[in-house]
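A.B. asks: my questions are about this predicted structure, shown below with the sequence.
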Amino acid sequence: MKKIGILGGTFDPPHIGHLIIADQILHKCGLDEIRFMPNYIPPHKEKQTNTTVKDRLHMLELAIEGHDRFKIETIELERKEKSYTYDTMVILKEKEPDHQFFFLIGGDMVDYLPKWHRIDELMEIVQFIAVHRPTYEGKTEYPVKFVDIPEIHLSSSVIRQKIGNGESVKYLLKDSIIQYIEENGLYGKR
């Protein structure tokens, strides 16, 4: 049975924090692969950027380039609607019943778990693996496995803000992503 980690998010843009989380959990938990799963429209956020789904997907491809155990899961993009993790994982389990799925989250999402759609049922079909994030408690009554990794206080919104302010994001994003952002005028001042 293949062990598959799912890391969901907007990836707007995908940054080194995402890659570090995925790589550390892949190795520490003995997973076979990590699938980065961009959402079409996340249920808990409103879209705030000028990027398209195509932009986010291309940046994600650039981010995981060269890592043979990192893949992209496009199921939520294909549905073209607000996606709830429960619905997505039910579909994935039906499509791939011989796989064991693990859902990767940060400490900020651990605090938010009680508000997740059909969380109790979701807990029965997927194991949650969490990493601590600075400024979040990360305490829960749910059976979440915590993995210690180097903590990086970084978010896509911080990166977007830096780009909008004309600040450097070198080493926060892969060079190929920075080039793509510059070539396509993403996240610039409006």
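C.D. replies: Structure's in. What do you need?

A.B. asks: so which helix or strand of this protein has the lowest pLDDT on average?
C.D. replies: helix 107-112 (a mean of 83; mean pLDDT, DSSP states H and E).

A.B. asks: buried set for it?
C.D. replies: For helix 107-112, burial by neighbour count (16 or more other C-beta atoms under 10 Å) applies to Gly107, Asp108, Met109, Val110. All C-beta spots, glycine's among them, are computed from the backbone N, C-alpha and C.

A.B. asks: the helices in the protein, which residues?
C.D. replies: With helices called from DSSP state H, the chain shows them at 16-28, 53-64, 75-79, 85-95, 107-112, 119-125, 156-164, 175-184.

A.B. asks: would a markdown table of these with distance to Tyr40 be doable?
C.D. replies: Output for those, formatted as a markdown table (distance: least, C-beta to C-beta, whole Å):
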| stretch | distance to Tyr40 |
| --- | --- |
| helix 16-28 | 18 |
| helix 53-64 | 7 |
| helix 75-79 | 5 |
| helix 85-95 | 10 |
| helix 107-112 | 18 |
| helix 119-125 | 19 |
| helix 156-164 | 16 |
| helix 175-184 | 20 |
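
A.B. asks: those: lowest mean pLDDT?
C.D. replies: Ranked by mean pLDDT, these end with helix 107-112 at the bottom, a mean of 83.

A.B. asks: quick revisit: and which of the buried residues of helix 107-112 is nearest Lys82?
C.D. replies: Met109 (16.7 Å; C-beta to C-beta).

A.B. asks: which ones are touching the closest one?
C.D. replies: Listed by C-beta atoms under 8 Å, 6 or more residues apart in numbering, the contact set of Met109 reads Ala130.

A.B. asks: tell me how far it lies from His99.
C.D. replies: 22 Å (C-beta to C-beta, to the nearest Å).

A.B. asks: do Ser83 as well
C.D. replies: 19 Å.

A.B. asks: compare those two and say which is more crowded by neighbours.
C.D. replies: Taking other C-beta atoms under 10 Å, Ser83 and His99 do not tie; Ser83 has more neighbours (23 against 14).

A.B. asks: is it true that that one touches Pro38?
C.D. replies: No. Ser83 is beyond contact range of Pro38, at 10.0 Å (criterion: C-beta atoms under 8 Å).

A.B. asks: identify the contacts common to the two.
C.D. replies: In contact with both Ser83 and Pro38: Glu76, using C-beta under 8 Å, 6+ apart.
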